[in-house]
Each structure stands twice: as structure tokens, then as C-alpha cells.
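Q: Build the 3D model from these lines:
(one chain, ligands or ions: 2)
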Amino acid sequence: MLTRTNKNNGDELSILGFGCMRLPSKNGSVDEEASIELIRKCIDKGINYFDTAYFYNGGKSESILGKALSDGLRERVKIATKLPPFMVSNFSGAKKIFATQLSRLQTNYIDYYLLHMLSDLNGFIRMKDMGVVDWLEKLKKQGIIRNIGFSFHGSKNDFEQLVTAYPWDFCQIQYNYMDINNQAGRSGLILADSLGIPVIVMEPLRGGRLADRIPKEVLHEFHAYDENSTPVEWALKWIWNHPEVTVVLSGMSDEVQLEQNTRIASQMLPNSLSDKELEVFDRVMDVMHEKTKIPCTGCGYCMPCPFGVNIPGCFSVYNDKYLLNEKRNKVIYLRTLGGLSNQPAYASICKDCGKCEKLCPQTIEIRKELKRVKKEMEGPFFNIGMKIARKFMKISK
Ligand code: SF4
Ligand code: SF4
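A: Ligands and ions are numbered 1, 2, ... in the order given. Reported below is the predicted structural model:
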């Protein structure tokens with residue numbers, strides 16, 4: 001297993017981290033025994049970065065990780081877990097969640113602690129105003145939290161504001177060869193790196209879609225170069241080729257995936273893809289663009305929308321529905337466009353002002369396309385469904 005150094009604190013982190021969100025399951029629920037076994041096998045393979053969150057698997061993810069790391073394994077790894085701001089309505093609520101996390105994880109310190117799914121600066125300011133950020137700093141001074149960071153799924157502009165708003169110890173972004181211009185994107189990765197902020201990458205396979213749902217023309221490109229190569233191999237290699245990336249999280253759910261990913265992780269040094277391999281990606285991008293319904297490049301020139309619509313975000317989820325045959329498109333739409341925050345960014349909040357269209361270099365009829373997105377992604381019961389989901393998740397206003 002190759003490692004990369006966290007330049008801020010000298011931690012040697014395995015370039016492959018274990019994302020504990022998609023743990024092995026049995027009969028529709030998480031299989032505790034198999035999960036513990038898999039986590040321990042990961043450690044045997046050299047993985048030393050484990051990423052979980054307060055609400056993954058309804059809280060079981062943290063508990064299972066805690067059990068797996070008992071018997072002396074805790075000191076061999078770094079634990080990353082997250083505070084969900086959307087479930088925090090006051091300071092004591094945050095403290096209560098953190099105490100629960102330490103108890104579930106059977107530890108008295110967290111190596112990497114993140115504000116979960118911050119999607120814009122307002123979410124961070126809300127935490128600051130509540131006193132949560134000062135308290136995290138105090139915990140850091142006491143050694144109870146070692147690094148303070150955030151995970152992000154918003155727009156490019158929002159990422160730029162967030163990453164420069166605070167001296168973060170690290171950040172976590174979604175990044176893969178389909179997301180060069182989506183969310184934080186390549187520009188966000190480069191910006192974070194230039195600020196000296198280590199970047200942890202999540203969703204390297206877009207939730208597995210880049211493993212088994214890519215268009216056949218893309219598969220053909222990969223196989224034309226090497227008939228034995230797999231889409232997973234290409235996707236992971238592409239990310240590790242970036243010197244700005246420290247750890248790539250993968251939500252492996254069985255040993256086959258673990259074997260495959262650790263094999264690739266034992267080879268990938270930064271800037272190690274050949275010119276010919278990079279040319280394969282150029283052709284793959286061309287195919288992807290040809291098959292894209294709304295030709296949005298994610299440049300963000302149309303942003304910010306005065307009413308808060310995440311225009312490139314709406315188009316990205318819509319395009320994925322067709323390009324990657326994304327079946328969970330409505331859940332992703334809800335999750336990435338403000339459904340779990342108090343700042344909705346859906347297509348339906350567009351007020352038709354037209355300001356954005358004058359700025360789009362692709363001359364996209366943004367208002368018309370947003371109506372198409374709204375019709376397909378929201379439908380008549382969207383607002384009711386969202387209210388129920390927010391209530392279920394106990395999301396505060
Ligand atoms: S037309 Fe809609 S999306 Fe565009 S700036 Fe106006 S409100 Fe925002
Ligand atoms: S300006 Fe046009 S291409 Fe750029 S993000 Fe907005 S809609 Fe997409």
C-alpha cells in the first residue's frame with residue numbers, strides 16, 4: 001500500500017481509505033460480523049484511514065468501526081468522522097452528538113473531524129454563530145480532535161468561499177473523471193492544495209456507477225488500450241495521478257473489491273499515467289460529452305443565482321440520470337441540492353429572472369432546461385416528500 005504524507009502534520013496516510021458508508025449487508029441490513037472482518041482485513045492490507053459519519057447505517061457504522069478497532073487496532077489507524085450540522089439546532093446538541101460518537105467508536109480522540117456536507121458558507125457561519133467552531137478548536141487544543149475539516153457537495157463558487165473562510169486542516173470533496181467541472185471540481189482541488197489544505201476524495205466511482213454503468217463506448221476505449229483492464233482501475237488511477245490528492249475513499253463491501261483496490265493502490269504514484277493513458281481519458285471525456293443531455297460544463301459563470309439555484313448542480317444530476325443510468329437520481333437530487341440543509345438549491349426555486357442566461361458561454365437556455373429538470377426530478381409530490389425526509393432526519397431550520 002502506498003502512502004502520501006499529510007503535509008500539515010506529517011501523518012503517513014494510505015492512499016486508499018475505507019469509506020464505512022456501504023458496509024457489507026445481509027437481508028437488507030448491515031452485516032456486523034462481515035463488516036468487522038472486512039475492516040480488519042483492510043488494516044492487514046495497509047489501509048490506515050477509516051471514514052465514517054454520525055448517521056451512516058443509522059449510527060451502526062461508527063459502532064461497528066469502534067468494535068473492529070478494539071483489541072489494540074485503534075492506534076494503528078486514523079478515524080475520520082463527521083458532525084451533521086443539519087441535525088444540530090444548538091450548541092448542546094453538537095456536544096451530545098460528539099459524546100455519542102466517542103462512545104460508539106470506543107475512543108477518546110478523533111483524528112479527522114469534519115463538518116458533514118457543508119454546501120455553502122452559510123452552513124459554516126451557522127456553526128460558528130452557535131459556538132461549535134470555537135468548541136472544536138478547544139477540543140483540538142486538548143488533543144481530543146486532531147484535525148478539523150469539512151466535507152462538501154455544493155457548487156464551485158460555494159467551495160471557493162468555504163475553503164478560504166477558515167484555516168481548515170483538511171477537506172473532503174467528491175472527485176472523479178466525471179466531476180472535473182462539477183461540485184468543487186478540479187479548480188477546487190487545486191485551490192485547496194494551493195492553500196496547503198490536504199484533500200480527501202470521496203465518490204471516486206460516483207457511488208459505483210463508474211464501475212458498472214458507463215456507456216459501452218467508454219468501455220471500448222478502456223479495453224482497446226488494455227483488454228484486461230477494468231473501469232474501476234481506470235477511475236482510481238485517474239484520481240491517484242493527481243499529486244494534490246492525499247487519500248481516496250472507497251466504500252468497499254467485499255474482499256474482491258478490497259483486493260482489486262489495494263492492488264491498484266500499490267502502484268499509483270502521482271503523475272504516473274502515461275501520455276497514451278491520458279489520451280484514453282481525453283477520448284472518454286469526448287464520449288461522455290456527446291452523450292450529455294444538457295451541455296453544461298459546470299464552469300459556474302452563471303452563478304451565483306440571486307435566488308440560490310445551484311444551476312450546474314441541477315444539470316449534473318439530470319445528466320447523470322441518462323448518462324450513467326442513475327436510478328437513485330431523485331435521492332441524489334435531494335441530497336446534493338440542499339434537501340439536507342436550510343438552503344435549498346433546486347430547479348423549482350428559479351424565479352425566471354434570466355440573469356444567468358446572459359452569462360452562459362454554452363448559450364444554454366437555462367430557464368427552459370431548469371423547467372425540464374424540475375418536471376423530471378421533482379414532480380408533484382416533491383415538496384411533501386422533502387418535508388417528510390427533513391422531519392425524519394430531524395433537520396433543524
Ligand atoms: S433565471 Fe432562475 S436560475 Fe437563472 S438567475 Fe434567475 S432565478 Fe436564478
Ligand atoms: S454558465 Fe452555462 S455551462 Fe457554465 S455552469 Fe452555468 S449553465 Fe453550465
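Q: okay, now residue 123: neighbour count?
A: Each residue near residue 123 was counted by other C-beta atoms under 10 Å, and the total is 24. In short, each C-beta sits where N, CA and C put it, glycine included.
Q: Against residue 12, how distant is the nearest residue to residue 153 once chain neighbours are set aside?
A: Closest residue to residue 153 apart from its sequence neighbours, by C-beta to C-beta, 6 or more residues apart in numbering: residue 336 at 4.8 Å. According to C-beta to C-beta, to the nearest Å, residue 336 and residue 12 sit 32 Å apart.
Q: same check, this time on residue 326
A: Using C-beta to C-beta, residue 326 is found at 36 Å from residue 12.
Q: Tell me which of these two has more neighbours.
A: Counted by other C-beta under 10 Å, residue 326 and residue 12 do not tie: residue 326 has more neighbours, with 20 against 10.
Q: so the more buried one sits in a strand?
A: No. Counting by DSSP: H, G, I helix; E, B strand; the rest coil, one finds residue 326 to be coil, located in no strand.
Q: wouldn't it be in contact with residue 320 here?
A: Yes. Here residue 326 reaches residue 320: they are 4.4 Å apart, a contact under C-beta atoms under 8 Å.
Q: Which neighbours do the two have in common?
A: 209, 332 (C-beta atoms under 8 Å, 6 or more residues apart in numbering).
Q: Quick one: the helices in the stretch 201-350 of the chain, in order.
A: 209-212, 216-225, 231-240, 255-265, 275-290, 311-323, 329-336 (DSSP state H, counting those that start in this stretch).
Q: Packed most tightly, which of the ones you listed would that be?
A: helix 311-323 (a mean of 24; mean count of other C-beta atoms under 10 Å).
Q: is any part of that one close to ligand 1?
A: Yes. If you take C-beta under 6 Å from any ligand atom as the test, helix 311-323 does meet ligand 1, through residue 311.
Q: Show me what the mean pLDDT comes to for that helix.
A: Averaged across helix 311-323, pLDDT comes to 89.
Q: Identify the residues contacting that helix?
A: The contact list for helix 311-323 (C-beta under 8 Å, 6+ apart) reads 154-156, 178, 181-183, 206, 209, 215, 288, 291-294, 296, 298-300, 302-303, 305, 326, 329, 332-333, 336-337, 345-347, 356, 364, 366, 369-370, 372-373, 376-377.
Q: got the CA positions of that helix in PDB?
A: Taking C-alpha atoms only, helix 311-323 is exported to PDB below (Å, rounded to 0.1, in the frame of the first residue of the first chain):
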ATOM      1  CA  ILE A 311     -27.700  25.700 -11.700                       C
ATOM      2  CA  PRO A 312     -24.700  23.400 -12.700                       C
ATOM      3  CA  GLY A 313     -25.700  21.000  -9.800                       C
ATOM      4  CA  CYS A 314     -29.200  20.600 -11.100                       C
ATOM      5  CA  PHE A 315     -27.900  19.900 -14.600                       C
ATOM      6  CA  SER A 316     -25.300  17.500 -13.400                       C
ATOM      7  CA  VAL A 317     -27.800  15.300 -11.500                       C
ATOM      8  CA  TYR A 318     -30.100  15.400 -14.500                       C
ATOM      9  CA  ASN A 319     -27.400  14.400 -17.000                       C
ATOM     10  CA  ASP A 320     -26.300  11.500 -14.800                       C
ATOM     11  CA  LYS A 321     -29.800  10.100 -14.900                       C
ATOM     12  CA  TYR A 322     -29.300   9.400 -18.600                       C
ATOM     13  CA  LEU A 323     -25.600   9.100 -19.000                       C
END
